[in-house]
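Student: Structure of the sequence below:
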Amino acid sequence: MSLIAPRRGRGRWVVAALLLLAIAAVIAFQLLRSVPAIAARPNVPAAITTASAAPSLPWPARGAGAVGATDVGLLATGGSTTPQPMFSVAKIMTALVILEDKPLKTGESGPTLTVDAADVEIYKARLAGGESVVKVQAGEQLTELQALQALLIPSGNNVGVLLAKWDAGSEAALVVKMNAKARALHLVNTTFDDVSGVSTKTQGVPSELVVLAGLAIKDPVITSIVAMKQAELPVAGVVYNVDYALGQENIIGVKTGSSPEGGANFVFAASHAIEGRPITILGAVMGLTTLDEAFAASKELIKAVRTNLSIRHLVLAGSALGTYRTPWGAGTDIVPVKALDVVNWPGLPVRAHFEARPVNAPLGAGTTVGSFSIRAGDQVLQTPLVTRTDLGKVPTRYRLTRLDL
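Tutor: Sure thing, here's the model as predicted:
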């Protein structure tokens with residue numbers, strides 16, 4: 001009996017040792033195994049739209065119109081959507097293509113164009129045909145800037161041909177470039193048959209002319225030219241802007257187009273500011289009877305757009321757009337670094353996109369974890385997302401007691 005008892009004692013000791021080893025193994029496993037990353041929980045909806053309906057605008061009784069604003073894009077359209085002759089409004093695209101091919105910086109005059117005998121004959125023929133022309137003579141030299149002034153201010157049809165020959169070799173070749181640019185801009189209802197808008201096959205719709213207005217107003221050379229009430233040219237002398245609505249309702253351009261038989265169009269831009277933020281109201285009216293009617297309709301639209309535009313403070317810096325919440329009860333807000341404000345139009349849809357990566361503790365305050373963006377019309381704004389406070393180390397108690405596998 002004395003020999004068996006010690007063996008039983010050793011057995012219990014072995015069992016206890018094994019139990020301790022098992023406990024130690026479990027503790028080690030719990031302490032060493034990785035804690036799953038903590039997913040972000042967004043606090044913002046994907047779509048944020050103003051409750052109010054789109055406003056009623058004073059569209060002209062005949063013809064068609066459209067309005068927009070820089071940054072925002074197209075706001076509203078009214079009237080017919082059938083393409084109509086552009087007339088001299090087409091010269092906006094002519095100028096855009098010329099400056100794309102032969103850029104000018106503000107203050108530059110650019111290279112020189114020399115008028116030849118063929119250019120003089122074009123001038124005489126178009127003058128006899130009752131077109132809008134600018135006087136030229138053989139041997140006259142015009143800088144690129146002066147030629148663009150002659151094109152856009154008194155609306156010289158013959159200068160459009162002169163610029164086309166200088167840039168592309170012929171009017172037809174420049175027309176190909178103009179149509180290619182229209183396609184690249186997805187202007188599916190815009191077609192050019194000539195560079196000056198004399199052809200009734202040169203057609204467009206107001207909504208797409210608003211796009212051209214937006215491009216023109218972004219070009220400092222075009223903007224400076226169309227805002228001039230007059231210019232002085234070597235042979236023609238002082239020429240005056242056909243856009244005699246300049247300065248009214250803060251109109252700063254862009255281009256008129258009219259025909260005694262076909263009516264009048266006006267593509268316009270008007271300066272405005274909302275809460276100190278500069279913005280340009282854009283628009284187009286087509287198919288009116290006279291330029292006076294086109295100007296009057298445009299001014300009414302500008303006033304209506306001005307009263308309906310506002311700044312919407314969608315996101316405040318430091319506001320909680322999301323959270324991280326840990327299984328052990330800790331957490332931190334996910335906040336934007338900067339505020340996001342949009343130019344708002346009643347009923348304008350706003351899309352929001354929240355993106356924050358899963359994180360592991362510990363994590364310091366101010367750590368960049370993702371981004372937040374909003375789209376409102378053509379406006380796309382973005383801000384980094386950071387943690388507001390620290391996420392400390394994973395507590396030992398949680399490590400030891402967690403049951404997930």
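
Student: drop to CA atoms for contacts and neighbour counts, all remaining ones
Tutor: Fine.

Student: from memory Cys362 sits against Pro395, does it?
Tutor: No, residue 362 isn't Cys; it's Pro. No: the criterion here is C-alpha atoms under 8 Å, and Pro362 misses it with Pro395 at 10.3 Å.

Student: Spell out, range by range, the helices that occur in the stretch 151-300 of the chain.
Tutor: For the stretch 151-300 of the chain, the helices defined by DSSP state H, counting those that start in this stretch occupy 157-168, 171-184, 206-218, 220-226, 291-308.

Student: could those be laid out in a markdown table, adding mean pLDDT?
Tutor: Shown next, in a markdown table, are those (pLDDT from 0 to 100):
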| stretch | mean pLDDT |
| --- | --- |
| helix 157-168 | 98 |
| helix 171-184 | 98 |
| helix 206-218 | 97 |
| helix 220-226 | 98 |
| helix 291-308 | 97 |
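
Student: Which one, of those, ends up nearest to Lys91?
Tutor: helix 157-168 (7.5 Å; C-alpha to C-alpha).

Student: Now tell me what touches the closest one from outside.
Tutor: Identification of contacts with helix 157-168 by C-alpha atoms under 8 Å, 6 or more residues apart in numbering yields 88, 91, 94, 98, 101-102, 113, 115, 119, 122-123, 126, 131-134, 147, 150-151, 170-171, 173-174, 195-196, 198.

Student: out of the residues you listed, which are inside strands?
Tutor: If you go by DSSP state E, the contacts of helix 157-168 have Leu113 in strands.

Student: Throw together a ChimeraX command that grabs the buried residues out of the contacts of helix 157-168.
Tutor: To isolate the buried ones among the contacts of helix 157-168 in ChimeraX, judged by 16 or more other C-alpha atoms under 10 Å, type:
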select :88,91,94,98,113,115,119,122,123,126,131,132,133,134,147,150,151,171,174,195,196,198
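
Student: hang on, the earlier thing: okay, the helices of the stretch 151-300 of the chain in a markdown table with distance to Pro260 next?
Tutor: Formatted as a markdown table, the helices of the stretch 151-300 of the chain follow (distance: least, C-alpha to C-alpha, whole Å):
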| stretch | distance to Pro260 |
| --- | --- |
| helix 157-168 | 15 |
| helix 171-184 | 24 |
| helix 206-218 | 20 |
| helix 220-226 | 23 |
| helix 291-308 | 10 |
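
Student: Looking at these, spot the one closest to Val15.
Tutor: Minimum separation from Val15 across these (C-alpha to C-alpha) falls at helix 171-184, 81.5 Å.

Student: residues of the closest one that come out buried?
Tutor: Those would be 171-172, 174-179, 182, for helix 171-184 by 16+ other C-alpha under 10 Å.

Student: what does it contact?
Tutor: For helix 171-184, contacts defined as C-alpha under 8 Å, 6+ apart pick out 93-94, 97, 161, 164-165, 167-168, 188, 190-195.

Student: same thing but at 6 Å, please
Tutor: For helix 171-184, the external contacting residues (C-alpha atoms under 6 Å, 6 or more residues apart in numbering) are 161, 164, 168, 192, 194.

Student: Out of those residues, the closest to Ser319 would be?
Tutor: Looking across the contacts of helix 171-184 and measuring by C-alpha to C-alpha, the closest to Ser319 is Phe192, at 50.4 Å.

Student: Run through the residues that contact the closest residue to the closest one other than its chain neighbours.
Tutor: Sequence neighbours aside, Thr202 is the residue nearest to Phe192 in space, at 4.4 Å (criterion: C-alpha to C-alpha, 6 or more residues apart in numbering). By C-alpha under 6 Å, 6+ apart, the residues touching Thr202 are 85, 191-193.
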